[in-house]
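>>> kindly return the folded structure for what I paste below:
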Amino acid sequence: MADALDPNELFSHVEDADFFHVPRFLAPHGHVSIPQPLKLDEPLIEMNTGNELIDNTIQPLDLMITKFMVLELVVAIIIAVCFIGLAKSLKGGTSARGRLWNILEVFLLFIRDEVARPCIGKHDADRFMPFLWTIFLFVLGCNLIGMVPWMGSPTGALAVTGALAMVTFCVVVGSGMAKLGVVGFWKAQVPHMDLPGPVAVLLIPMIFVIEVLGLFIKHGVLAIRLLANMMAGHVVLAVIVGFIGASAAAGTGIWGTVTLASVLGGTALSLLELFVAFLQAYIFTFLSALFIGAAVHPPH
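Numbering: from 1, shown residues only. Purely as a prediction, here's the structure:
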């Protein structure tokens, strides 16, 4: 029982690795390794932070293919297959037909009408719809694939949410500079204030530094928010399931009671996780649209 509920397996949904956890009847040790045709014996860059956990698990540019990379590719392929087909069917103005196409169309119209246009403005919003639709569907897909047993939740890793936030940051800054010019965008970070000359010389540089730091912090929080919400649910679910193994030595009666409670609690938490998967995809997209809107329409 203790071996069946190995803590490493319980937390595997939010832990990246070069293998997949699978039922033991499918693989001798419950692991299926991912082929590594590109992995280097020595990484191109050695990272020595002094933290043994980081240095032993994260090395840049070693070209290792990980579980989360595979899952992200699967999500990307699913999105491409579904939406290329939808785009082709709607290209000539044909109405969407079938439950799948109607559900996808509802998602797209909701993001356009209730998120992008109110945050960015009707005139500019349509230019950013491909990005916002893609980011919403990709985050949602990564969240939902974490609900599949023996898979994993890519959005439970900081590397994934950080990369998504970095992409959003590049879109925000790039769109702002394209609309206002390079100098105009960074100048617009400081709101217009009627200040006396000496006070302006002192305050404006300070406000500029604070606003620029705030721009980086907002996108950092964007990554942490998604990471924390997705990781928390999987960790709590792992703890609830772990109670089953922890109570195995306490007797059949206690073990049966704890198992029943854990299964019911895990089921309820999984339903909550399903809701959170959609909610966090919406929040990430909404904040991305909000940041883009603030960049292309700075306050005066």
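>>> need the contact list for residue 138.
Listed by CB atoms under 8 Å, 6 or more residues apart in numbering, the contact partners of residue 138 are 72, 75-76, 79, 164. The way it works is simple: take the backbone N, C-alpha and C, and place the C-beta from them, glycine included.
>>> can you rerun that using 10 Å?
Counting by CB atoms under 10 Å, 6 or more residues apart in numbering, residue 138 makes contact with 72, 75-76, 78-79, 154-155, 160, 164, 167, 281, 284-285.
>>> which of the residues you listed count as buried?
Among the contacts of residue 138, those classed as buried by neighbour count (16 or more other CB atoms under 10 Å) are 72, 75, 79, 154-155, 160, 164, 167, 281, 284-285.
>>> tabulate these (TSV), appending distance to residue 230, pLDDT and secondary structure.
Below are these laid out as TSV (distance: CB to CB, whole Å; pLDDT from 0 to 100; DSSP: H, G, I helix; E, B strand; the rest coil):
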residue	distance to residue 230	pLDDT	secondary structure
72	14	92	helix
75	14	94	helix
79	18	89	helix
154	9	88	helix
155	5	89	helix
160	10	89	helix
164	12	94	helix
167	18	95	helix
281	10	94	helix
284	11	95	helix
285	15	95	helix
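>>> name the nearest of the contacts of residue 138 relative to residue 115.
residue 285 (5.9 Å; CB to CB).
>>> name the nearest residue to that closest one, sequence neighbours excluded.
The shortest distance from residue 285 to any non-neighbouring residue, by CB to CB, 6 or more residues apart in numbering, is to residue 136 (4.2 Å).
>>> now name the helix or strand holding the one you found.
Taking DSSP states H and E as the criterion, residue 136 maps to helix 122-145.
>>> now residue 272
helix 252-296.
>>> how far away from the center of its chain is that helix?
13 Å (CA atoms, centre = their mean, to the nearest Å).
>>> tell me who's in contact with residue 283.
By CB under 10 Å, 6+ apart, the neighbours of residue 283 are 139, 222, 225-226, 229, 276.
>>> helix, strand or coil for the residue lying closest to residue 38 once chain neighbours are set aside?
Spatially, and ignoring its direct neighbours in sequence, residue 38 is nearest to residue 63 (4.1 Å; CB to CB, 6+ apart). Under DSSP: H, G, I helix; E, B strand; the rest coil, residue 63 falls in the coil class.
>>> could you verify my assumption that residue 297 touches residue 185?
No: the pair residue 297 and residue 185 does not pass the contact test of CB atoms under 10 Å, sitting 11.7 Å apart.
>>> common neighbours of these two, please.
Joint contacts of residue 297 and residue 185 (CB under 10 Å, 6+ apart) are 176, 179.
>>> with neighbour numbers in mind, choose between these two.
residue 185 (20 against 17; other CB atoms under 10 Å).
>>> that one: what's it in contact with?
Contacts of residue 185 (CB under 10 Å, 6+ apart): 172-179, 295-296, 298.
>>> buried ones from those, can you make that a ChimeraX selection?
Per 16+ other CB under 10 Å, the buried members of the contacts of residue 185 correspond to this ChimeraX selection:
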select :172,173,175,176,177,295,296,298
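>>> helices - which of the contacts of residue 185 land there?
Residues of those located in helices (DSSP state H): 172-179, 295-296.
>>> what about the helices in the stretch 1-150 of the chain?
Along the stretch 1-150 of the chain, counting by DSSP state H, counting those that start in this stretch, helices occupy 7-10, 52-57, 67-90, 99-110, 117-120, 122-145.
>>> on that earlier part again, I figured the residue nearest to residue 38 was touching residue 18, is that so?
No: when contacts are counted by CB under 10 Å, residue 63 is not listed as touching residue 18 (11.6 Å).
>>> okay, these two: which has more neighbours?
Neighbour count, other CB under 10 Å: between residue 63 and residue 18, residue 18 has more, with 16 against 12.
>>> report the secondary structure element holding residue 216.
Per DSSP H and E: helix 197-246 holds residue 216.
>>> just checking, what packs against that helix?
helix 7-10, helix 122-145, helix 158-180, helix 182-187, helix 252-296 (3 or more CB pairs under 10 Å, 6 or more residues apart in numbering; DSSP states H and E).
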